[in-house]
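Just need the structure, nothing else, for what follows:
(one chain, ligands or ions: 2)
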Amino acid sequence: FFPNHLKIAIKECLISSIQQFTFVQRFSDRFITFFSPYVEIKISQYDGFQYNHAFASIETYLGEKATDKAKHLRASQVRESKDLVLKRDDTRTRDEYQGVNVWWEIETDPEGFRTYKLTFHRRSRDIVTDSYMKYIFEEGKLIEAKNKKMKLYTNNPSSSWGPNKTALWRCIDFEHPASFDTLAMDSKKKEEILNDLSAFSNGKEYYKKIGKAWKRGYLLYGPPGTGKSTMIAAMANLLNYSIYDVELTAIKDNSELRKLLIGTASKSIIVIEDIDCSLDLTGQRNNKKESFLMSWKKDKEEDNDKDKGKEENKSFVTLSGLLNFIDGIWSACGQERIIVFTTNHLAKLDPALIRRGRMDMHIELSYCTFEAFKILAKNYLDLDTHPLYTKIESLLKETNISPADVAENLMKKKSEIDADGSLNDLINALERKNTQNATVAENNKKLGYMKRFNPFRKLF
Ligand SMILES: Nc1ncnc2c1ncn2[C@@H]1O[C@H](COP(=O)(O)OP(=O)(O)OP(=O)(O)O)[C@@H](O)[C@H]1O
Ligand SMILES: [Mg+2]
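Ligands and ions are numbered 1, 2, ... in the order given. Reported below is the predicted structural model:
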């Protein structure tokens, strides 16, 4: 419709007007900023990749102190607490300090990281930068120390991270009664662990001197119900550290694992439970077999769709990603961190994962010994000794029973503690287990014999 040269002229005209508009807008922004009587200070959640503690102090201060000034409050009741907890639910809050008005605003960037923006009048610049900021940080720290509660964090599925969505970690208050006193295990081993933990937590100068990042890895292994998870809780209670319980299967790849690591605070225990079953850490896909089996099914198309879905949700965290997580360069950001792995099958783990230096201490939690039983009996029945102890001691020597099973038998079933009844329950359980084990051993023996003397065994 238009001749070509006219089209080009219109296009150029449009481009130049857009450029002029951008220029004018940029100029007007600067003009407004230059003449604006207000000053802005921004404090972001992360300084580079390091968590910004000033941000945390501001958040605590605004959360606690400024609730009376906020218009929108969110009320919640924390377990074990009679009072309602009020929190700010505004993105913008006014605060007043020595007659000066300031405004706090929170912004979230597309990555999901937050920044506090503080706005105040130019004439109050000195008072704000010299004393108000200092006041906020100190108040924030005081409130934090007063309310210091251990937290239990777990990672949100990475598909839900992002702006206006969830953060990397979600947390609840950590209230677990476990302690090393009530943990039933060999007393020598317990003391060794306690010494190791206290040396670690007081080792700031030592780690600096030897040029090592201030972190330590523990590998807890043993059969189910022997106290691995309980020991982690006891460690957190002893050191007053928060726990980050990492769910590896909810993490898409190594870079997301790194993001999570950077998002953890100091003075914390990072836990990966059942490391042998969490992931196929070879990082290799093994879909051929799956699709072959699928082809036997009738409604092929539907299954293929399902398979695609599975593929999208699959985690590609690899062994090398996990090794980097433990002792790569990134693991040194932040301080005073403990990494704990737990497993039921030590032999299944890749030796690279658990070599000394990565997992500094290997702790075996084994079946209940007589010494461990005595601790449990003291906890549950308040007993130091009892005539049935000799029988229990000899039964425990020949029976593999987990402390969890022993504890189950000692637990109060009536309104008052009945030591005799509980101990007899335990003896019955031990004897039952003994006969079961004997039958299993007998059957295995028979099976072995049959295998050895089976004339057809070479055919298979
Ligand atoms: N060594 C122990 N001392 C005291 N209590 C124990 C001990 N082991 C187990 N228990 C009791 O048994 C319960 C289960 O133990 P826990 O969850 O710690 O076992 P686990 O080793 O983590 O098992 P899993 O391998 O199945 O995760 C705990 O609630 C605790 O009360
Ligand atoms: Mg456990």
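
Please tell me I have it right and Thr108 contacts Arg114.
Yes: with contact defined as C-beta atoms under 8 Å, Thr108 reaches Arg114; the gap is 5.2 Å. Bear in mind the C-beta positions are built from the backbone N, C-alpha and C, glycine included.

so what's in contact with these two at the same time?
The contact sets of Thr108 and Arg114 do not overlap (C-beta atoms under 8 Å, 6 or more residues apart in numbering).

Please identify the residues of the stretch 51-200 of the chain in proximity to ligand 1?
Within the stretch 51-200 of the chain, the positions near ligand 1 by C-beta under 6 Å from any ligand atom are Leu183, Ala184, Met185.

Just the pLDDT for the first one.
Right, Leu183. Listed pLDDT for Leu183 reads 95.

ok, it - how many residues close by?
As a burial measure, Leu183 scores 21 neighbours (other C-beta atoms under 10 Å).

cool, and the second one?
Neighbours of Ala184 under the rule other C-beta under 10 Å: 23.

Look at it and tell me its secondary structure.
coil (DSSP: H, G, I helix; E, B strand; the rest coil).

Please list all residues in contact with the nearest residue in space to Val246 that is not next to it in sequence.
Among residues not flanking Val246 along the chain, Ile272 sits closest, at 5.0 Å (C-beta to C-beta, 6 or more residues apart in numbering). For Ile272, the contacting residues are Val246, Leu248, Ser278, Ile339, Val340, Phe341, Thr342, by C-beta under 8 Å, 6+ apart.

From these, pick the one nearest ligand 2.
Among these, Thr342 lies closest to ligand 2 (C-beta to the ion), at 6.0 Å.

In a strand, the closest one, correct?
Yes: under three-state DSSP, Thr342 falls within a strand.

How about the contacts made by it?
Leu219, Leu220, Tyr221, Lys228, Ser229, Ile232, Val271, Ile272, Glu273, Asp274, Ile275.

Looking at the residues you listed, which one is closest to Gly211?
Proximity of those to Gly211 (C-beta to C-beta) peaks at Leu219, which lies at 23.9 Å.

Hmm, Gln98 is touching Ile127, no?
Yes: the criterion here is C-beta under 8 Å, and Gln98 meets it with Ile127 at 6.2 Å.

more neighbours, the two?
Remark: of Gln98 and Ile127, Ile127 carries more neighbours, 16 against 10, as counted by other C-beta under 10 Å.

residues contacting that one?
Neighbours of Ile127 in contact, by C-beta under 8 Å, 6+ apart: Tyr97, Gln98, Val100.

Restricted to strands, list these.
Judged by DSSP state E, strands contain the following of the contacts of Ile127: Tyr97, Val100.

Name the nearest of the contacts of Ile127 relative to Tyr135.
Distances from Tyr135 to the contacts of Ile127, taken by C-beta to C-beta, are shortest for Tyr97, at 6.7 Å.

Thought Met133 was touching the closest one, still the case?
No: applying C-beta under 8 Å, one finds Tyr97 not in contact with Met133, separated by 9.8 Å.

More neighbours: the two, which one.
When Tyr97 and Met133 are compared for neighbours, Met133 comes out ahead with 19 against 16, by other C-beta under 10 Å.

Now that one. Its backbone dihedrals?
Here is the backbone geometry of Met133 (degrees, to the nearest 10): phi -60, psi -40.

any idea how far it lies from Ile41?
Between Met133 and Ile41 the computed distance is 8 Å (C-beta to C-beta, to the nearest Å).

residue ranges with poor pLDDT in the stretch 101-250 of the chain?
Scanning the stretch 101-250 of the chain for pLDDT under 70 picks out 145, 147-148, 162-166.

Any idea which residue of it lies closest to ligand 1?
Of all residues in the stretch 101-250 of the chain, Gly227 sits closest to ligand 1, at 2.8 Å by C-beta to the nearest ligand atom.

and if you look at the stretch 251-400 of the chain?
Nearest residue of the stretch 251-400 of the chain to ligand 1 (C-beta to the nearest ligand atom) works out as Asn344 at 5.2 Å.

what residues are up against Met185?
Met185 sits in contact with Gly227, Leu365, Glu371, Ala372, Ile375, where contact means C-beta under 8 Å, 6+ apart.

tell me the contacts of the fourth one?
What that stands for is Ala372. Going by C-beta under 8 Å, 6+ apart, Ala372 touches Ala184, Met185, Asp186, Pro403, Val406.

which two in those residues are spaced the farthest apart?
Across those, no pair lies farther apart than Asp186 and Val406, at 15.0 Å, counting by C-beta to C-beta.

Looking at these two, which has the bigger crowd around it?
When Asp186 and Val406 are compared for neighbours, Val406 comes out ahead with 24 against 14, by other C-beta under 10 Å.

what's the nearest residue to that one if we skip its chain neighbours?
Once flanking residues are discounted, Val406 sits nearest to Cys368: 4.9 Å by C-beta to C-beta, 6+ apart.

Neighbours of that neighbour, how many?
27.

Is it part of a helix or strand, or is it coil?
coil.

how much distance is there from the helix or strand harbouring Leu395 to the middle of the chain?
In this assignment (DSSP states H and E), Leu395 forms part of helix 389-398. Mean-position distance between helix 389-398 and its chain equals 39 Å (C-alpha atoms, centre = their mean, to the nearest Å).

ok, which residues in this protein are in contact with ligand 2?
Contact residues (C-beta under 5 Å from the ion) of the chain with ligand 2: Lys228, Ser229.

from this structure, which residue is nearest to ligand 2?
Among the residues of the chain, Ser229 lies closest to ligand 2, at 3.3 Å counting by C-beta to the ion.

I appreciate the help and will end here.
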